[in-house]
Every structure is written in structure tokens, then in C-alpha cells.
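Asks: sequence unknown, structure follows:
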């Protein structure tokens, strides 16, 4: 059974950097694509980017300048860093497995992040 679990701070201050970790079980992160997606309070969702099986990354153009992905294959984890935070980054952040055809088949439960001073 494939499971994903996000972890990280629930509250961060404006201008700081958000760091989230996704721990995967039941599937190796060296296969498929692994994405981050966020859902805003108004329910709109935004795809942030992915890290591929090879370790290469692709970011949403709107977030590219502030986003960085990495991974630790020994722990089967992949990580998100989003810098220069503003309150508009407040959202539920999900890590998701993505197949070749952009089908998102397994989701973490999501972690709520609030950006506030």
C-alpha cells in the first residue's frame, strides 16, 4: 500500500522559508514523479512542481523563483522549500505521486501551513 506523509511547521512568519518533508512508503521515489500541490482557503488548488525519478525537477513558472525540491533516497523522502513567504502562501500542502500521464494517484493527508506574524 502506497502512503505519503507530510511533515513540517504549521506556522511560519512572512519572509521566512517553508520546509516540508514527504515520507513515502510502499513505493520508491526513484520510480514515477513526486509532486507538491497546495490548496488555498478558498479551495483553489495550485500545482507547485515535481521531482522526477531521476532527481530532476520541474517547477510551476509562477513559483519557480521561490521553490526548491530535493530528496533523500536512503529515507525515501522528498522535500519542498518555499522561500520569501507571504500570507498568500497560507494553504494546505499535499505531497502526491504522479504517473507519466499527469495522473495523481496517491496523496498525503495534507499539512496546513499558515503564514502570519
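Replies: Cool, the structure landed. Computed from a predicted model, the values in this text were never measured in an experiment.
Asks: mind listing the helices in this structure by residue range?
Replies: With DSSP state H, there are no helices along the chain.
Asks: Without its sequence neighbours, what residue ends up closest to the spatially most central residue of the chain?
Replies: The structure's the chain has its C-alpha centroid closest to residue 36; by Cα atoms, centre = their mean the separation is 2.9 Å. With sequence-adjacent residues excluded and distances taken as Cβ to Cβ, 6 or more residues apart in numbering, residue 36 is closest to residue 48, at 4.1 Å. For every residue, glycine as well, the C-beta is placed using N, CA and C.
Asks: and what of residue 41?
Replies: residue 90 (6.7 Å).
Asks: Could you report the distance from the one you found to residue 54?
Replies: In this structure, residue 90 lies at 32 Å from residue 54, with Cβ to Cβ, to the nearest Å as the measure.
Asks: Then residue 106?
Replies: Going from residue 106 to residue 54 by Cβ to Cβ gives 20 Å.
Asks: Okay, and the beta partners of residue 18?
Replies: Bridge pairing for residue 18 (DSSP bridges) gives the partners residue 82.
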